[in-house]
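Undergrad: Turn this into a model:
(one chain, ligands or ions: 2)
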Amino acid sequence: MKQTSVDKQLIKFLLLEGVHDSAEALIRAAGYHNIEREKGSLEGQALLDRVRDVHFLGIRSRTQLTAEVFDAAAKLNAVGCFCIGTNQVDLSAALERGIAVFNAPFSNTRSVAELVLGQAILLLRGVPAKNAAAHRGQWLKTANNSYELRGKTLGIVGYGSIGSQLSVMAESLGMRVIFYDVVTKLPHGNARQVLTLKELLQESHVVTLHVPETIETRWMMGSTQLAQMRDKSVLINASRGTVVEISALKHAIDSGKLLGAALDVFPIEPASNQDAFDSELRGLDNVILTPHIGGSTVEAQESIGREVAEKLVKYSDNGTSVSSVNFPEVALPAHAGKHRILHIHHNVPGILSAINQIFSDTGVNISAQYLQTRGSVGYVVMDTDIEQSVEALGRLREVPGTIRTRILF
Ligand SMILES: NC(=O)C1=CN([C@@H]2O[C@H](COP(=O)(O)OP(=O)(O)OC[C@H]3O[C@@H](n4cnc5c(N)ncnc54)[C@H](O)[C@@H]3O)[C@@H](O)[C@H]2O)C=CC1
Ligand SMILES: O=C(O)CCC(=O)C(=O)O
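TA: Numbering: from 1, shown residues only. Ligands and ions are numbered 1, 2, ... in the order given. Okay, here's the model as predicted:
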(Lines give C-alpha, C1' and ligand atoms only; values in the text may rest on other atoms or scores of the structure.)
(Ligands and ions follow the chains in the order given, each with its own letter.)
Protein backbone atom coordinates (compact mmCIF):
# COMPACT_ATOMS: atom_id res chain seq x y z
CA MET A 1 0.00 0.00 0.00
CA LYS A 2 1.42 3.39 -0.99
CA GLN A 3 0.57 6.81 0.32
CA THR A 4 1.32 10.13 -1.32
CA SER A 5 1.61 13.66 0.00
CA VAL A 6 -0.66 16.42 -1.29
CA ASP A 7 1.37 19.46 -0.20
CA LYS A 8 2.07 21.27 -3.49
CA GLN A 9 5.57 22.26 -2.43
CA LEU A 10 6.45 18.61 -1.90
CA ILE A 11 4.98 17.37 -5.14
CA LYS A 12 7.66 16.71 -7.73
CA PHE A 13 7.25 16.72 -11.50
CA LEU A 14 9.91 15.19 -13.78
CA LEU A 15 9.55 16.01 -17.48
CA LEU A 16 11.77 14.04 -19.87
CA GLU A 17 12.43 14.12 -23.63
CA GLY A 18 12.35 17.87 -24.13
CA VAL A 19 8.66 18.33 -23.36
CA HIS A 20 7.65 21.84 -24.51
CA ASP A 21 8.03 24.88 -22.19
CA SER A 22 4.24 25.31 -22.27
CA ALA A 23 3.95 22.30 -19.93
CA GLU A 24 6.22 23.79 -17.27
CA ALA A 25 4.47 27.16 -17.55
CA LEU A 26 1.07 25.59 -16.95
CA ILE A 27 2.27 23.45 -14.03
CA ARG A 28 3.95 26.49 -12.39
CA ALA A 29 0.85 28.61 -12.87
CA ALA A 30 -1.07 25.92 -10.96
CA GLY A 31 1.26 26.44 -7.97
CA TYR A 32 3.71 23.55 -8.42
CA HIS A 33 7.33 24.68 -8.44
CA ASN A 34 9.25 21.45 -7.92
CA ILE A 35 9.78 20.66 -11.61
CA GLU A 36 12.82 18.93 -13.10
CA ARG A 37 13.38 18.62 -16.83
CA GLU A 38 15.65 16.59 -19.12
CA LYS A 39 16.19 17.05 -22.86
CA GLY A 40 16.56 13.33 -23.59
CA SER A 41 14.98 10.15 -22.33
CA LEU A 42 16.42 8.03 -19.51
CA GLU A 43 16.84 4.29 -19.34
CA GLY A 44 18.19 1.55 -17.07
CA GLN A 45 19.50 2.47 -13.63
CA ALA A 46 19.47 6.21 -14.43
CA LEU A 47 15.70 6.06 -14.95
CA LEU A 48 15.12 3.94 -11.84
CA ASP A 49 17.13 6.40 -9.73
CA ARG A 50 15.37 9.49 -11.07
CA VAL A 51 11.77 8.26 -10.62
CA ARG A 52 12.22 7.26 -6.97
CA ASP A 53 10.85 10.50 -5.47
CA VAL A 54 8.73 11.69 -8.40
CA HIS A 55 4.94 12.19 -8.11
CA PHE A 56 4.20 13.10 -11.74
CA LEU A 57 6.29 11.93 -14.71
CA GLY A 58 6.17 13.36 -18.23
CA ILE A 59 7.59 11.42 -21.20
CA ARG A 60 7.24 11.23 -24.99
CA SER A 61 7.65 8.10 -27.14
CA ARG A 62 11.19 7.02 -26.20
CA THR A 63 11.11 6.37 -22.46
CA GLN A 64 10.12 2.78 -21.67
CA LEU A 65 8.02 2.54 -18.51
CA THR A 66 7.96 -1.07 -17.32
CA ALA A 67 6.67 -2.75 -14.14
CA GLU A 68 10.24 -2.49 -12.80
CA VAL A 69 10.23 1.28 -13.28
CA PHE A 70 6.85 1.60 -11.55
CA ASP A 71 8.09 -0.50 -8.63
CA ALA A 72 10.98 1.92 -8.22
CA ALA A 73 8.60 4.90 -8.34
CA ALA A 74 6.81 4.43 -5.02
CA LYS A 75 5.38 7.97 -5.00
CA LEU A 76 4.25 8.11 -8.61
CA ASN A 77 0.60 9.18 -9.02
CA ALA A 78 0.39 9.68 -12.76
CA VAL A 79 2.29 9.58 -16.06
CA GLY A 80 1.72 12.10 -18.83
CA CYS A 81 2.64 10.85 -22.32
CA PHE A 82 3.19 14.09 -24.24
CA CYS A 83 2.27 12.28 -27.48
CA ILE A 84 -0.42 9.97 -28.90
CA GLY A 85 1.16 6.51 -28.65
CA THR A 86 1.24 4.83 -25.23
CA ASN A 87 2.87 1.57 -26.33
CA GLN A 88 6.05 2.62 -24.48
CA VAL A 89 4.18 2.29 -21.17
CA ASP A 90 3.10 -0.97 -19.52
CA LEU A 91 -0.45 0.30 -18.97
CA SER A 92 -1.66 -2.71 -16.94
CA ALA A 93 1.37 -2.56 -14.64
CA ALA A 94 0.60 1.13 -14.06
CA LEU A 95 -3.08 0.41 -13.37
CA GLU A 96 -2.31 -2.39 -10.93
CA ARG A 97 -0.15 0.07 -8.97
CA GLY A 98 -2.83 2.78 -9.01
CA ILE A 99 -0.93 5.00 -11.47
CA ALA A 100 -3.06 6.91 -13.99
CA VAL A 101 -1.67 7.42 -17.51
CA PHE A 102 -2.71 10.32 -19.74
CA ASN A 103 -1.81 11.26 -23.34
CA ALA A 104 -2.61 13.86 -26.00
CA PRO A 105 -4.77 12.05 -28.53
CA PHE A 106 -5.29 14.91 -30.99
CA SER A 107 -2.71 17.70 -30.74
CA ASN A 108 -0.15 16.42 -33.26
CA THR A 109 -2.46 14.70 -35.75
CA ARG A 110 -2.48 17.57 -38.26
CA SER A 111 1.34 17.67 -38.23
CA VAL A 112 1.56 13.97 -39.11
CA ALA A 113 -1.07 14.26 -41.85
CA GLU A 114 0.76 17.21 -43.45
CA LEU A 115 4.10 15.39 -43.42
CA VAL A 116 2.58 12.31 -45.05
CA LEU A 117 0.92 14.33 -47.78
CA GLY A 118 4.21 16.08 -48.52
CA GLN A 119 6.03 12.75 -48.63
CA ALA A 120 3.43 11.30 -51.01
CA ILE A 121 4.01 14.17 -53.46
CA LEU A 122 7.80 13.88 -53.23
CA LEU A 123 7.81 10.10 -53.65
CA LEU A 124 5.49 10.06 -56.69
CA ARG A 125 7.78 12.63 -58.35
CA GLY A 126 10.96 10.73 -57.46
CA VAL A 127 12.30 13.80 -55.67
CA PRO A 128 14.32 11.97 -52.97
CA ALA A 129 16.47 10.18 -55.57
CA LYS A 130 16.79 13.29 -57.79
CA ASN A 131 17.76 15.38 -54.78
CA ALA A 132 20.37 12.85 -53.65
CA ALA A 133 21.81 12.72 -57.17
CA ALA A 134 22.00 16.51 -57.42
CA HIS A 135 23.96 16.59 -54.16
CA ARG A 136 26.44 14.23 -55.82
CA GLY A 137 26.66 16.51 -58.89
CA GLN A 138 24.30 14.49 -61.13
CA TRP A 139 21.42 15.99 -63.17
CA LEU A 140 18.43 13.59 -63.37
CA LYS A 141 15.93 15.62 -65.41
CA THR A 142 13.31 13.10 -66.61
CA ALA A 143 9.56 12.48 -66.50
CA ASN A 144 10.02 8.71 -66.24
CA ASN A 145 8.33 7.27 -63.14
CA SER A 146 7.22 10.78 -62.15
CA TYR A 147 3.52 11.20 -61.44
CA GLU A 148 0.96 13.73 -60.24
CA LEU A 149 -0.98 13.00 -57.06
CA ARG A 150 -4.24 14.00 -58.74
CA GLY A 151 -6.38 11.02 -59.70
CA LYS A 152 -4.22 8.51 -57.82
CA THR A 153 -5.53 6.21 -55.10
CA LEU A 154 -4.42 6.75 -51.52
CA GLY A 155 -4.80 3.67 -49.31
CA ILE A 156 -4.99 4.54 -45.62
CA VAL A 157 -4.45 1.72 -43.12
CA GLY A 158 -6.01 2.81 -39.81
CA TYR A 159 -8.75 5.44 -40.23
CA GLY A 160 -8.47 7.13 -36.84
CA SER A 161 -7.61 10.73 -35.96
CA ILE A 162 -4.67 10.93 -38.39
CA GLY A 163 -5.95 8.67 -41.15
CA SER A 164 -9.34 10.37 -41.40
CA GLN A 165 -7.80 13.86 -41.41
CA LEU A 166 -5.38 12.84 -44.14
CA SER A 167 -8.33 11.47 -46.12
CA VAL A 168 -9.97 14.92 -46.29
CA MET A 169 -6.73 16.67 -47.21
CA ALA A 170 -5.91 14.11 -49.94
CA GLU A 171 -9.36 14.38 -51.52
CA SER A 172 -8.98 18.15 -51.67
CA LEU A 173 -5.92 17.53 -53.88
CA GLY A 174 -7.93 15.29 -56.19
CA MET A 175 -6.90 11.90 -54.82
CA ARG A 176 -9.26 8.96 -54.59
CA VAL A 177 -9.21 7.59 -51.03
CA ILE A 178 -9.82 4.07 -49.76
CA PHE A 179 -9.13 2.85 -46.24
CA TYR A 180 -8.84 -0.35 -44.22
CA ASP A 181 -9.67 -0.45 -40.51
CA VAL A 182 -10.61 -3.23 -38.10
CA VAL A 183 -13.54 -1.06 -36.98
CA THR A 184 -16.32 0.09 -39.33
CA LYS A 185 -15.76 3.84 -39.73
CA LEU A 186 -17.84 6.63 -41.20
CA PRO A 187 -15.98 7.64 -44.39
CA HIS A 188 -15.19 11.35 -44.81
CA GLY A 189 -16.06 12.86 -48.20
CA ASN A 190 -16.01 10.25 -50.94
CA ALA A 191 -13.59 7.89 -49.18
CA ARG A 192 -14.53 4.19 -49.20
CA GLN A 193 -13.78 1.53 -46.61
CA VAL A 194 -12.50 -1.74 -48.06
CA LEU A 195 -12.94 -5.07 -46.33
CA THR A 196 -9.41 -6.45 -46.50
CA LEU A 197 -5.87 -5.14 -46.31
CA LYS A 198 -5.10 -7.09 -49.48
CA GLU A 199 -7.78 -5.22 -51.44
CA LEU A 200 -6.33 -1.89 -50.25
CA LEU A 201 -2.78 -2.89 -51.17
CA GLN A 202 -3.77 -4.08 -54.65
CA GLU A 203 -5.61 -0.84 -55.49
CA SER A 204 -3.45 1.93 -53.99
CA HIS A 205 -0.73 4.03 -55.63
CA VAL A 206 0.23 5.34 -52.17
CA VAL A 207 -0.16 3.20 -49.05
CA THR A 208 0.13 4.97 -45.70
CA LEU A 209 0.04 3.34 -42.26
CA HIS A 210 -1.72 4.95 -39.27
CA VAL A 211 -2.33 2.10 -36.85
CA PRO A 212 -1.24 1.88 -33.20
CA GLU A 213 1.42 -0.63 -32.13
CA THR A 214 -0.44 -3.77 -31.06
CA ILE A 215 0.09 -7.52 -31.36
CA GLU A 216 -2.10 -7.46 -34.51
CA THR A 217 -0.19 -4.61 -36.20
CA ARG A 218 3.26 -6.01 -35.38
CA TRP A 219 4.99 -6.71 -38.74
CA MET A 220 1.62 -6.35 -40.52
CA MET A 221 3.54 -5.19 -43.64
CA GLY A 222 5.83 -8.16 -44.39
CA SER A 223 6.97 -9.75 -47.67
CA THR A 224 3.49 -11.18 -48.44
CA GLN A 225 1.77 -7.81 -48.04
CA LEU A 226 4.51 -5.91 -49.92
CA ALA A 227 4.14 -8.37 -52.80
CA GLN A 228 0.39 -7.57 -52.86
CA MET A 229 1.09 -3.86 -53.39
CA ARG A 230 0.59 -2.39 -56.84
CA ASP A 231 3.75 -2.31 -58.99
CA LYS A 232 5.49 1.10 -58.82
CA SER A 233 3.50 2.23 -55.80
CA VAL A 234 4.97 3.81 -52.64
CA LEU A 235 4.75 3.03 -48.92
CA ILE A 236 4.71 5.55 -46.08
CA ASN A 237 5.03 4.62 -42.40
CA ALA A 238 4.63 7.31 -39.73
CA SER A 239 2.93 5.01 -37.21
CA ARG A 240 5.27 2.69 -35.31
CA GLY A 241 8.50 1.03 -36.46
CA THR A 242 7.32 -2.50 -35.68
CA VAL A 243 4.53 -2.30 -38.27
CA VAL A 244 6.89 -2.82 -41.26
CA GLU A 245 9.44 -5.59 -41.77
CA ILE A 246 12.45 -3.57 -42.85
CA SER A 247 14.31 -6.38 -44.68
CA ALA A 248 11.22 -7.18 -46.72
CA LEU A 249 10.80 -3.48 -47.57
CA LYS A 250 14.44 -3.23 -48.61
CA HIS A 251 13.90 -6.17 -50.96
CA ALA A 252 10.77 -4.53 -52.44
CA ILE A 253 12.74 -1.32 -53.09
CA ASP A 254 15.87 -3.05 -54.44
CA SER A 255 13.80 -5.18 -56.82
CA GLY A 256 12.01 -2.12 -58.23
CA LYS A 257 8.59 -3.37 -57.07
CA LEU A 258 8.09 -0.08 -55.16
CA LEU A 259 9.01 3.36 -56.52
CA GLY A 260 10.04 4.44 -53.05
CA ALA A 261 9.15 4.69 -49.37
CA ALA A 262 9.11 7.16 -46.51
CA LEU A 263 9.76 6.01 -42.97
CA ASP A 264 9.49 8.21 -39.90
CA VAL A 265 9.57 5.37 -37.37
CA PHE A 266 11.85 2.36 -36.95
CA PRO A 267 11.93 -0.93 -35.00
CA ILE A 268 14.93 0.43 -33.08
CA GLU A 269 15.28 4.18 -32.65
CA PRO A 270 18.16 6.06 -31.03
CA ALA A 271 17.42 7.14 -27.44
CA SER A 272 18.63 10.68 -28.08
CA ASN A 273 20.01 12.95 -30.79
CA GLN A 274 23.50 12.10 -29.53
CA ASP A 275 23.09 8.40 -30.38
CA ALA A 276 23.78 6.99 -33.85
CA PHE A 277 20.99 5.85 -36.16
CA ASP A 278 21.34 2.66 -38.16
CA SER A 279 19.04 0.98 -40.67
CA GLU A 280 19.34 -1.35 -43.65
CA LEU A 281 17.57 1.38 -45.61
CA ARG A 282 20.37 3.92 -45.21
CA GLY A 283 21.87 4.79 -48.56
CA LEU A 284 18.75 4.02 -50.66
CA ASP A 285 18.17 7.24 -52.60
CA ASN A 286 14.45 6.71 -53.14
CA VAL A 287 13.71 6.19 -49.43
CA ILE A 288 12.98 9.19 -47.20
CA LEU A 289 14.23 8.57 -43.65
CA THR A 290 13.10 11.01 -40.95
CA PRO A 291 13.90 10.84 -37.21
CA HIS A 292 10.39 10.25 -35.81
CA ILE A 293 9.35 13.85 -36.40
CA GLY A 294 5.78 13.31 -37.58
CA GLY A 295 4.46 15.19 -34.55
CA SER A 296 7.49 17.42 -34.05
CA THR A 297 6.24 20.84 -35.01
CA VAL A 298 6.23 23.95 -32.85
CA GLU A 299 2.43 24.10 -33.05
CA ALA A 300 1.89 20.48 -32.02
CA GLN A 301 4.45 20.46 -29.21
CA GLU A 302 3.17 23.70 -27.70
CA SER A 303 -0.38 22.41 -27.73
CA ILE A 304 0.56 18.94 -26.40
CA GLY A 305 2.53 20.57 -23.57
CA ARG A 306 -0.57 22.41 -22.39
CA GLU A 307 -3.00 19.55 -22.97
CA VAL A 308 -1.13 16.90 -21.00
CA ALA A 309 0.13 19.24 -18.26
CA GLU A 310 -3.47 20.31 -17.66
CA LYS A 311 -4.55 16.68 -17.26
CA LEU A 312 -1.77 16.03 -14.71
CA VAL A 313 -2.57 19.20 -12.77
CA LYS A 314 -6.30 18.40 -12.68
CA TYR A 315 -5.60 14.91 -11.43
CA SER A 316 -3.28 16.28 -8.76
CA ASP A 317 -5.55 19.16 -7.73
CA ASN A 318 -8.92 17.47 -7.60
CA GLY A 319 -8.64 13.81 -8.65
CA THR A 320 -10.25 14.20 -12.07
CA SER A 321 -9.09 11.33 -14.27
CA VAL A 322 -11.12 12.02 -17.43
CA SER A 323 -9.47 10.74 -20.64
CA SER A 324 -6.93 8.58 -18.83
CA VAL A 325 -5.92 5.72 -21.13
CA ASN A 326 -5.70 3.08 -18.38
CA PHE A 327 -7.46 4.33 -15.25
CA PRO A 328 -11.11 4.55 -14.10
CA GLU A 329 -12.42 7.86 -15.45
CA VAL A 330 -14.09 10.22 -13.00
CA ALA A 331 -15.10 13.84 -13.75
CA LEU A 332 -15.16 15.70 -10.46
CA PRO A 333 -16.52 19.12 -9.46
CA ALA A 334 -14.41 21.55 -7.41
CA HIS A 335 -14.31 20.69 -3.70
CA ALA A 336 -14.02 24.13 -2.06
CA GLY A 337 -14.40 23.91 1.71
CA LYS A 338 -14.31 20.09 1.67
CA HIS A 339 -11.67 17.46 2.23
CA ARG A 340 -11.49 15.12 -0.75
CA ILE A 341 -10.29 11.58 -0.12
CA LEU A 342 -9.17 9.40 -3.03
CA HIS A 343 -9.06 5.64 -2.59
CA ILE A 344 -7.65 3.37 -5.30
CA HIS A 345 -8.19 -0.32 -4.72
CA HIS A 346 -8.35 -3.77 -6.26
CA ASN A 347 -11.80 -4.24 -7.75
CA VAL A 348 -13.09 -6.98 -5.44
CA PRO A 349 -16.49 -7.27 -3.76
CA GLY A 350 -16.97 -5.62 -0.36
CA ILE A 351 -14.48 -2.73 -0.61
CA LEU A 352 -17.06 0.05 -0.85
CA SER A 353 -19.00 -1.23 2.14
CA ALA A 354 -15.75 -1.52 4.14
CA ILE A 355 -14.92 2.10 3.23
CA ASN A 356 -18.38 3.37 4.18
CA GLN A 357 -18.26 1.46 7.46
CA ILE A 358 -15.12 3.41 8.41
CA PHE A 359 -16.88 6.73 7.79
CA SER A 360 -19.83 5.56 9.82
CA ASP A 361 -17.54 4.40 12.70
CA THR A 362 -15.55 7.67 12.76
CA GLY A 363 -18.66 9.87 12.51
CA VAL A 364 -17.43 11.58 9.33
CA ASN A 365 -20.23 12.73 7.05
CA ILE A 366 -19.69 12.04 3.35
CA SER A 367 -21.15 14.94 1.37
CA ALA A 368 -20.44 13.39 -2.04
CA GLN A 369 -19.12 10.07 -3.29
CA TYR A 370 -18.03 8.98 -6.77
CA LEU A 371 -17.03 5.48 -7.83
CA GLN A 372 -15.68 4.12 -11.07
CA THR A 373 -13.97 0.85 -11.88
CA ARG A 374 -11.80 -0.23 -14.81
CA GLY A 375 -10.72 -3.84 -15.10
CA SER A 376 -9.04 -4.92 -11.92
CA VAL A 377 -9.01 -1.49 -10.26
CA GLY A 378 -11.62 0.69 -8.55
CA TYR A 379 -11.39 4.42 -7.81
CA VAL A 380 -13.63 5.96 -5.17
CA VAL A 381 -13.64 9.66 -4.31
CA MET A 382 -15.31 11.07 -1.19
CA ASP A 383 -15.87 14.69 -0.18
CA THR A 384 -16.13 15.21 3.58
CA ASP A 385 -16.67 18.24 5.84
CA ILE A 386 -14.55 17.86 8.92
CA GLU A 387 -11.09 17.41 10.37
CA GLN A 388 -11.74 13.82 11.43
CA SER A 389 -11.49 12.86 7.79
CA VAL A 390 -7.73 12.60 8.35
CA GLU A 391 -8.41 9.93 10.97
CA ALA A 392 -10.75 8.15 8.55
CA LEU A 393 -7.99 8.26 5.92
CA GLY A 394 -5.65 6.45 8.33
CA ARG A 395 -8.15 3.62 8.66
CA LEU A 396 -8.89 3.56 4.94
CA ARG A 397 -5.27 2.69 4.28
CA GLU A 398 -5.77 -0.51 6.23
CA VAL A 399 -8.75 -1.73 4.17
CA PRO A 400 -7.65 -5.01 2.50
CA GLY A 401 -7.25 -4.45 -1.25
CA THR A 402 -6.16 -0.82 -0.90
CA ILE A 403 -3.55 0.18 -3.50
CA ARG A 404 -3.14 3.88 -2.79
CA THR A 405 -4.86 6.74 -0.96
CA ARG A 406 -4.61 10.54 -1.18
CA ILE A 407 -6.28 13.43 0.60
CA LEU A 408 -6.82 16.79 -1.07
CA PHE A 409 -7.53 19.73 1.25
N1 LIG B 1 5.31 9.63 -36.33
C2 LIG B 1 4.86 10.31 -35.30
O3 LIG B 1 5.51 11.23 -34.80
C4 LIG B 1 3.53 9.98 -34.75
C5 LIG B 1 3.06 8.70 -34.77
N6 LIG B 1 1.81 8.39 -34.27
C7 LIG B 1 1.35 7.00 -34.36
O8 LIG B 1 0.18 6.98 -35.19
C9 LIG B 1 -0.74 6.08 -34.61
C10 LIG B 1 -2.14 6.42 -35.08
O11 LIG B 1 -2.54 7.67 -34.51
P12 LIG B 1 -4.09 8.11 -34.49
O13 LIG B 1 -4.63 8.19 -35.85
O14 LIG B 1 -4.18 9.31 -33.65
O15 LIG B 1 -4.72 6.87 -33.70
P16 LIG B 1 -6.22 6.46 -33.59
O17 LIG B 1 -6.30 5.57 -32.40
O18 LIG B 1 -7.11 7.64 -33.68
O19 LIG B 1 -6.46 5.56 -34.92
C20 LIG B 1 -5.91 4.30 -35.12
C21 LIG B 1 -6.83 3.53 -36.04
O22 LIG B 1 -6.21 2.28 -36.34
C23 LIG B 1 -7.22 1.29 -36.33
N24 LIG B 1 -6.62 -0.02 -36.14
C25 LIG B 1 -6.18 -0.58 -34.98
N26 LIG B 1 -5.66 -1.80 -35.24
C27 LIG B 1 -5.79 -2.01 -36.56
C28 LIG B 1 -5.43 -3.08 -37.41
N29 LIG B 1 -4.85 -4.20 -36.95
N30 LIG B 1 -5.69 -2.97 -38.73
C31 LIG B 1 -6.32 -1.85 -39.22
N32 LIG B 1 -6.68 -0.81 -38.46
C33 LIG B 1 -6.40 -0.88 -37.14
C34 LIG B 1 -8.14 1.72 -35.21
O35 LIG B 1 -9.43 1.10 -35.29
C36 LIG B 1 -8.19 3.21 -35.42
O37 LIG B 1 -9.22 3.61 -36.27
C38 LIG B 1 -0.52 6.24 -33.09
O39 LIG B 1 -0.94 5.09 -32.39
C40 LIG B 1 0.97 6.44 -33.01
O41 LIG B 1 1.59 5.21 -32.82
C42 LIG B 1 1.01 9.37 -33.75
C43 LIG B 1 1.44 10.66 -33.69
C44 LIG B 1 2.75 11.07 -34.12
O1 LIG C 1 7.72 12.90 -30.88
C2 LIG C 1 7.00 12.41 -30.05
O3 LIG C 1 6.81 12.92 -28.98
C4 LIG C 1 6.27 11.12 -30.38
C5 LIG C 1 5.19 11.32 -31.38
C6 LIG C 1 4.43 10.06 -31.51
O7 LIG C 1 4.91 9.09 -32.04
C8 LIG C 1 3.10 9.98 -30.92
O9 LIG C 1 2.50 11.02 -30.63
O10 LIG C 1 2.62 8.85 -30.75
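
Undergrad: quick one: secondary structure of residue 166?
TA: What DSSP: H, G, I helix; E, B strand; the rest coil gives for residue 166 is helix.

Undergrad: Revised request: answer the last question for residue 391.
TA: Secondary structure state of residue 391, per three-state DSSP, is helix.

Undergrad: And for residue 369?
TA: Of the three states, residue 369 takes strand according to three-state DSSP.

Undergrad: Identify the nearest residue to it in space, disregarding sequence-adjacent positions?
TA: Computed as Cβ to Cβ, 6 or more residues apart in numbering, the closest residue to residue 369 that is not its neighbour in sequence is residue 382, at 5.0 Å. For the C-beta atoms, the positions are set from N, CA and C on the backbone; glycine is no exception.

Undergrad: Give the bridge partners for the one you found, please.
TA: Beta bridges link residue 382 to residue 341, residue 369, judged by DSSP bridges.

Undergrad: residue contacts, it?
TA: 340-341, 343, 355, 359, 366, 368-370 (Cβ atoms under 8 Å, 6 or more residues apart in numbering).

Undergrad: before we move on, what about residue 333?
TA: Shown in contact with residue 333 (Cβ under 8 Å, 6+ apart): residue 368.

Undergrad: Please apply the same query to residue 56.
TA: 11-14, 76-80, 312, 316.

Undergrad: What is the most widely separated pair among the residues you listed?
TA: Farthest pair in the contacts of residue 56 (Cβ to Cβ) is 11 and 79. Separation: 14.5 Å.

Undergrad: So which of the two has more stuff around it?
TA: residue 79 (31 against 21; other Cβ atoms under 10 Å).

Undergrad: Okay, and that one sits in which element?
TA: Element membership for residue 79, per DSSP states H and E: strand 78-81.

Undergrad: Repeat that for residue 24.
TA: With DSSP H and E as the test, residue 24 turns up in helix 21-29.

Undergrad: Mind listing what's buried along that helix?
TA: Within helix 21-29, the residues scored as buried using 16 or more other Cβ atoms under 10 Å are 22-24, 26-27.

Undergrad: Regarding residue 208, what is its secondary structure?
TA: Of the three states, residue 208 takes strand under three-state DSSP.

Undergrad: distance of it from ligand 1?
TA: Going from residue 208 to ligand 1 by Cβ to the nearest ligand atom, to the nearest Å gives 11 Å.

Undergrad: just residue 12 next, same as before
TA: Separation of residue 12 from ligand 1 (Cβ to the nearest ligand atom): 28 Å.

Undergrad: Surely that residue touches residue 34?
TA: Yes: counting by Cβ atoms under 8 Å, residue 12 does reach residue 34; the two are 4.6 Å apart.

Undergrad: These two: which is more packed in?
TA: Between residue 12 and residue 34, counted using other Cβ under 10 Å, the more crowded position is residue 12 (19 against 16).

Undergrad: which ones are touching that one?
TA: Residues in contact with residue 12 (Cβ under 8 Å, 6+ apart) are 34-36, 53-56, 75.

Undergrad: ok, the residue lying closest to residue 35 once chain neighbours are set aside - contacts?
TA: Spatial nearest neighbour of residue 35, excluding adjacent residues (Cβ to Cβ, 6+ apart): residue 13 at 4.5 Å. Taking Cβ under 8 Å, 6+ apart, we find residue 13 in contact with 27, 32, 34-36, 54-58, 312.

Undergrad: Just the pLDDT at residue 13, thanks.
TA: In this model, residue 13 is scored at 98, pLDDT.

Undergrad: Can you give me the distance of it to residue 309?
TA: Distance, residue 13 to residue 309, by Cβ to Cβ, to the nearest Å: 9 Å.

Undergrad: got it, and residue 389?
TA: Applying Cβ to Cβ, the value for residue 389 to residue 309 is 29 Å.

Undergrad: on that earlier part again, can you flag the buried ones in the contacts of residue 13?
TA: By neighbour count, with 16+ other Cβ under 10 Å, these hold 27, 32, 34-35, 54-58, 312 as buried.

Undergrad: And those, which is closest to residue 208?
TA: Checking these against residue 208 with Cβ to Cβ, the nearest one is residue 58 at 29.2 Å.

Undergrad: wait, the closest one sits on residue 19?
TA: Yes: using Cβ under 8 Å, residue 58 is in contact with residue 19, at 5.0 Å.

Undergrad: if I look at the two, which residues touch both of them?
TA: Joint contacts of residue 58 and residue 19 (Cβ under 8 Å, 6+ apart) are residue 82.

Undergrad: distance of the one residue in the stretch 251-400 of the chain that gets nearest to ligand 2 from ligand 1?
TA: Of all residues in the stretch 251-400 of the chain, residue 295 sits closest to ligand 2, at 3.9 Å by Cβ to the nearest ligand atom. Residue 295 sits 4 Å away from ligand 1, going by Cβ to the nearest ligand atom.

Undergrad: so who does that residue touch?
TA: 83-84, 107-108, 111-112, 301, 304.
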